[in-house]
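# I would like the atomic coordinates for the input below:
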Amino acid sequence: MAIRVLICDQLPVIADGLRTLLDAVPGIDVIGTTPNGMEAIVLVRTTQPDVVVTDLSLQTISGLELIRRLGKEDEPPNVVVFTASDTDKTVSDVLHTGVSCLLGKDASPQELITAIQAAAAGQTMLAPNIAQRLVTWFRAQPEPQATVLCPEVTELTPREREVTRMVAQGMSTEEVARELIIGEATVRTHLYRVRTKLGVRDRAELVSLAYRTGLIHSAGQSTGDERTASPVGLRAS
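As a prediction, the model looks like this:
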């Protein structure tokens with residue numbers, strides 16, 4: 001079955017050129033072209049293309065907005081972004097919409113054909129220069145540290161985990177007590193029990209172990225008002 005393609009570009013010379021190119025390819029059927037983002041949505045609903053090839057600059061709504069709206073359709077088509085802009089922001093914006101195929105307008109005809117075929121199959125294809133930049137960025141990231149196994153962590157109660165998380169994020173005994181509405185002596189008791197169960201001597205070792213074992217993440221680190229861990233987390237209680 002042929003891959004049904006809708007082309008969206010506000011420049012007729014490009015849209016017509018792409019149609020001429022793709023109409024000559026066996027297995028690809030261009031079902032329409034449009035310069036208008038809103039009209040593209042209507043055409044997707046009425047003609048149900050497998051792949052939409054779109055620029056980011058369109059009439060009425062942008063290509064990015066078109067992609068976002070198509071993603072909310074009951075049966076969204078796969079999208080190939082075909083654009084002259086390859087800035088870091090453009091790449092980031094496009095990839096965050098869920099698009100997996102992104103080419104610059106300097107792409108060869110065969111690269112575009114391959115991208116359409118890849119999109120129809122649910123695969124990823126990026127322009128070589130964009131792929132190289134992403135690889136370079138990925139290699140520059142620090143290597144993730146392996147989580148240290150510590151079976152004793154499973155022995156901690158939910159409250160002990162909560163107190164450990166708060167201490168590791170820099171809160172003093174007094175602040176933990178105020179946050180949890182409990183006495184400072186109770187906080188110290190929890191910390192003593194945690195250190196005993198985990199076999200650590202002091203707060204510094206406790207904080208280190210909490211991060212190395214992933215205890216912080218398992219306790220819900222991603223909540224919005226949590227503090228960033230820093231040397232203040234090691235202050236005396």
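# where's the most far-flung residue of the chain relative to its centre relative to Arg193, distance?
Within the chain, the residue lying farthest from the chain centre (C-alpha atoms, centre = their mean) is Ala185, at 43.1 Å. According to C-beta to C-beta, to the nearest Å, Ala185 stands 13 Å off from Arg193. Any C-beta I mention is one placed from the backbone N, CA and C, and that applies to glycine too.
# equivalent analysis for Ala168, please.
Distance from Ala168 to Arg193, by C-beta to C-beta: 16 Å.
# so between the two, which is more surrounded?
When Ala168 and Arg193 are compared for neighbours, Ala168 comes out ahead with 24 against 16, by other C-beta atoms under 10 Å.
# roughly how far apart are the more buried one and Thr87?
39 Å.
# with Thr54 instead?
Per C-beta to C-beta, Thr54 is found 17 Å from Thr87.
# what about these two, which has more around it?
Neighbours were tallied for Thr54 and for Thr87 using other C-beta under 10 Å; the higher tally belongs to Thr54 (26 against 8).
# tell me where the chain has strands.
Assigned by DSSP state E, the strands in the chain fall at 3-8, 28-34, 51-54, 78-83, 101-104, 125-126.
# so for Thr20, which of the ones you listed sits nearest?
When the strands of the chain are compared by C-beta to C-beta, strand 28-34 sits nearest Thr20, at 9.1 Å.
# mind listing what Arg19 touches?
Counting by C-beta atoms under 8 Å, 6 or more residues apart in numbering, Arg19 makes contact with 7, 30, 33.
# which of these are buried?
Buried members of the contacts of Arg19, counted by 16 or more other C-beta atoms under 10 Å: 7, 30, 33.
# for the first one, list the residues it contacts.
By C-beta under 8 Å, 6+ apart, Ile7 lies in contact with 15, 18-19, 22, 30, 32-34, 53-54.
# repeat that for 10 Å
14-19, 22, 30-35, 40, 49, 51-55, 80, 82 (C-beta atoms under 10 Å, 6 or more residues apart in numbering).
# tell me how far it lies from Gly32.
Per C-beta to C-beta, Ile7 is found 7 Å from Gly32.
# verify the contact between Val200 and Thr213 for me.
No - applying C-beta atoms under 10 Å, one finds Val200 not in contact with Thr213, separated by 11.0 Å.
# what do the two both touch?
Taking C-beta under 10 Å, 6+ apart as the criterion, Val200 and Thr213 both touch Glu152.
# quick revisit: got JSON lines for the contacts of Arg19, with pLDDT too?
Output for the contacts of Arg19, formatted as JSON lines (pLDDT from 0 to 100):
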{"residue": "Ile7", "pLDDT": "98"}
{"residue": "Val30", "pLDDT": "97"}
{"residue": "Thr33", "pLDDT": "97"}
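# can you redo these as CSV with distance to Pro158?
Listed next are those as CSV, based on distance: C-beta to C-beta, whole Å:
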residue, distance to Pro158
Ile7, 56
Val30, 59
Thr33, 59
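# now, among these, which is nearest to Gln117?
Taking C-beta to C-beta as the measure, Gln117 lies nearest Val30 of those, at 14.1 Å.
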